[in-house]
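J.: Starting from these lines, generate the structure:
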Amino acid sequence: MSRRFEGRTALVTGGSRGLGRAIAVQLAREGAFVAVGYKSRADAADETLQLIRDAGGDGQSIGFDIADAAATEAAVREIVSARGALDVAVANAGIAEDALATMVDVESFERVVRTNLGGTANTCRSAARAMLPNKRGAIVTVSSIVAFGGSPGQSTYAASKGGIVALTKSLAAELAPKGIRVNCVVPGLIKVGMAARLDHRMLAARKAQIALGRLGEAEEVAKAVAFLAADDASYIIGQSLVVDGGLLG
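T.: Residues are numbered from 1 along each chain as shown. The predicted structure follows:
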């Protein structure tokens, strides 16, 4: 197994479950010390830590709300204080509150955008500040194919994820001269992701549109994140890597 992150420290928000858990374990398997960010499920974060250790890695859990800028900044400072630096940040945490556009209430819209887009911005800002003194680092944001293809009942989620793509491009242009690379991974229908929320009939219809004829595995997305975070992608900035099995065509 490659050890591309040997001696490096990574933060993965939303690392207590699902895709975030797979990303955290992948980075740890390749040598990173992984800070597993979570909002409320400390027990689930501990489960991720056990999987990290089972994979031969090490890490810590750290609870904070990405929608809270001050809390996010404090969490990153805590990681840097303990580890000396932050080398990789994966802004993965997010929420979905699906509803038809005409039925979405203001509070729900603001909550999703504040968490997904605002939380990603908070994570990137705090991570970049921690990386600037060393003039190196990699930030990977996580969007969704709905940012490009849309999805009925997910207008708010799509808007927040589309904003992440635009945010990534601007951050990449701004931070590249400082030695910090920023890129985005765009998952398709993944077994632990959006697919789990879809009605089985809608899921069957969408699955039939996937060129590979199957849903994606969380580990397949995690490997894409690891690639963008590693030195292998040293000349790649501001890109959105779609991992969808050919769903978008």
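
J.: doesn't Val165 fall inside a strand?
T.: No. Going by DSSP: H, G, I helix; E, B strand; the rest coil, the assignment for Val165 is helix, not a strand.

J.: Residues contacting stretch 79-89, please?
T.: 5, 8-11, 27, 32-33, 35, 60, 62, 76, 123-124, 127, 130-131, 134, 136-140, 229 (CB atoms under 8 Å, 6 or more residues apart in numbering). For every residue, glycine as well, the C-beta is placed using N, CA and C.

J.: in it, what's buried?
T.: Going by neighbour count (16 or more other CB atoms under 10 Å), the buried part of stretch 79-89 is Ile79, Val80, Arg83, Leu86, Asp87, Val88, Ala89.

J.: do the same with stretch 177-194
T.: For stretch 177-194, burial by neighbour count (16+ other CB under 10 Å) applies to 180-190, 192-194.

J.: just these now: which is nearest Asp68?
T.: Val182 (21.7 Å; CB to CB).

J.: Name only those of the contacts of stretch 79-89 that count as buried.
T.: Going by neighbour count (16+ other CB under 10 Å), the contacts of stretch 79-89 have 5, 8-11, 27, 32-33, 35, 60, 62, 76, 123-124, 127, 130-131, 137-140, 229 buried.

J.: can you pull the contacts of the most centrally placed residue in the chain?
T.: Central residue check for the chain by CA atoms, centre = their mean: the C-alpha nearest the mean position is that of Asn92, 2.1 Å away. Each residue near Asn92 by CB under 8 Å, 6+ apart is listed here: Val12, Thr13, Gly14, Gly15, Leu19, Gly20, Ile23, Val142.

J.: In JSON lines, list those residues along with secondary structure, distance to Leu241 and pLDDT.
T.: Below are the contacts of Asn92 laid out as JSON lines (DSSP: H, G, I helix; E, B strand; the rest coil; distance: CB to CB, whole Å; pLDDT from 0 to 100):
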{"residue": "Val12", "secondary structure": "strand", "distance to Leu241": "17", "pLDDT": "98"}
{"residue": "Thr13", "secondary structure": "coil", "distance to Leu241": "18", "pLDDT": "98"}
{"residue": "Gly14", "secondary structure": "coil", "distance to Leu241": "18", "pLDDT": "97"}
{"residue": "Gly15", "secondary structure": "coil", "distance to Leu241": "20", "pLDDT": "97"}
{"residue": "Leu19", "secondary structure": "helix", "distance to Leu241": "14", "pLDDT": "97"}
{"residue": "Gly20", "secondary structure": "helix", "distance to Leu241": "17", "pLDDT": "98"}
{"residue": "Ile23", "secondary structure": "helix", "distance to Leu241": "13", "pLDDT": "98"}
{"residue": "Val142", "secondary structure": "strand", "distance to Leu241": "11", "pLDDT": "98"}
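
J.: ok so, going back, ok, the buried residues of stretch 177-194 vs Leu171, which is closest?
T.: Val182 (4.5 Å).

J.: Farthest pair within the buried residues of stretch 177-194?
T.: Using CB to CB, these reach their maximum pairwise distance at Ile180 and Leu189, which is 30.9 Å.

J.: taking the buried ones among the contacts of stretch 79-89 one by one, which sit in strands?
T.: Within the buried ones among the contacts of stretch 79-89, residues falling in strands by DSSP state E are Thr9, Ala10, Leu11, Phe33, Ala35, Gln60, Ile62, Gly137, Ala138, Ile139, Val140.
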